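K.L.:
quick one, structure for this:
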Amino acid sequence: MRAIVLTGAGAFFCGGFDLSAPRRDEAAARRLRELYRESHLGLFTLPKPTVAMVAAHAIAGGLVLALACDYRLGVDGDYRLGLNEAAIGASFPKVAFEIVRLRLTHARASELLLGAALYPANEAIRLGVVDEMIPADRLEATVVRRAARLGAFPREAYAHAKAALVAEAVARVEAETEEEAARGAAVWTTPESSAARAAQRERLGRARWRPRAGTAANRRERS
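P.N.:
Down below sits the predicted model:
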């Protein structure tokens, strides 16, 4: 295997953390932080080409996963992208922040992190979160072709260049102490943050059960 393509299924590339998951005790929360850090560092530093195929919503931690890949292609379509953690009372793990900071310009990182908006897919190139936007009927073939090209390079040369590119970001992640990680995680538990996520869950619940135009429920409402 010379290259890896990362993609999702259905309506999402990845939607990030599951906000409906039950609250974890401190030991479980610490283990989750460790798994998050290890998995993201593993993808970020993998000594092989990694290509993200973004064909659906990529939100919060889901967009970070795409940014952890070496090259990102999106499909022209009706879906959303963004880093909305600040809006829902979530803090950024150090590894996520370093991935964003390496991949994006300061201006675009500030727009995404501090504005915390979800953008239509046609903003992806401007934001810098994907390298190319491809029509749906050509996406998979284009992704495979790009991955094959990267995978054809001499392995040692690619791995060496990639390691040098991410080295400073990785060093900052590895220098983080458990106390620093815990302070960041504590942002999740403040009353205001908890209230923001409760409101988000309520909005998601309403959207999930809202009848679509033309359904029997809507026809009854109009009659």
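K.L.:
and the helices in the protein?
P.N.:
Remark: helices assigned in the chain by DSSP state H are 26-45, 61-67, 94-103, 106-115, 124-127, 136-151, 155-174, 178-186, 191-209, 216-222.
K.L.:
mind giving me TSV with the ones you listed and columns for distance to M53?
P.N.:
Just so you know, the C-beta spots here come from the backbone N, C-alpha and C atoms, and that holds for glycine as well. Putting the helices of the chain into TSV (distance: least, CB to CB, whole Å) gives the following:
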stretch	distance to M53
helix 26-45	14
helix 61-67	9
helix 94-103	16
helix 106-115	20
helix 124-127	13
helix 136-151	5
helix 155-174	19
helix 178-186	30
helix 191-209	25
helix 216-222	35
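K.L.:
how near is the residue nearest the centre of the chain to R30?
P.N.:
The structure's the chain has its C-alpha centroid closest to L63; by CA atoms, centre = their mean the separation is 1.9 Å. Separation of L63 from R30 (CB to CB, to the nearest Å) stands at 24 Å.
K.L.:
then I99?
P.N.:
From I99 to R30 the distance is 21 Å (CB to CB).
K.L.:
any low-confidence regions in this structure?
P.N.:
Scanning the chain for pLDDT under 70 picks out 18-24, 204-223.
K.L.:
that older thread, pick the most buried one from the helices of the chain.
P.N.:
Highest mean neighbour count of the helices of the chain: helix 61-67, a mean of 25 (counted as mean count of other CB atoms under 10 Å).
K.L.:
what packs against it?
P.N.:
Judged by 3 or more CB pairs under 8 Å, 6 or more residues apart in numbering; DSSP states H and E, helix 61-67 is in contact with strand 12-14, helix 26-45, strand 50-54, helix 94-103.
K.L.:
contacts for the third one, please.
P.N.:
To tie it back to what came earlier, the one meant is strand 50-54. With CB atoms under 8 Å, 6 or more residues apart in numbering as the contact definition, strand 50-54 has outside contacts at 3-7, 13, 43, 65-75, 81, 124, 130, 139-140, 143, 146-147, 150.
K.L.:
likewise for the last one?
P.N.:
The list of residues contacting helix 94-103 from outside it, by CB under 8 Å, 6+ apart, reads 36-37, 40-41, 44, 61, 64, 67-68, 83, 92, 109, 112-113, 128-129, 165-166, 169-170, 172-173, 176, 180-181, 184.
K.L.:
so what's E111 up against?
P.N.:
By CB under 8 Å, 6+ apart, the contact list for E111 reads L127.
K.L.:
that one and A124, how far apart?
P.N.:
Applying CB to CB, the value for E111 to A124 is 13 Å.
K.L.:
could you do T142 as well?
P.N.:
Relative to A124, T142 is positioned 15 Å away (CB to CB).
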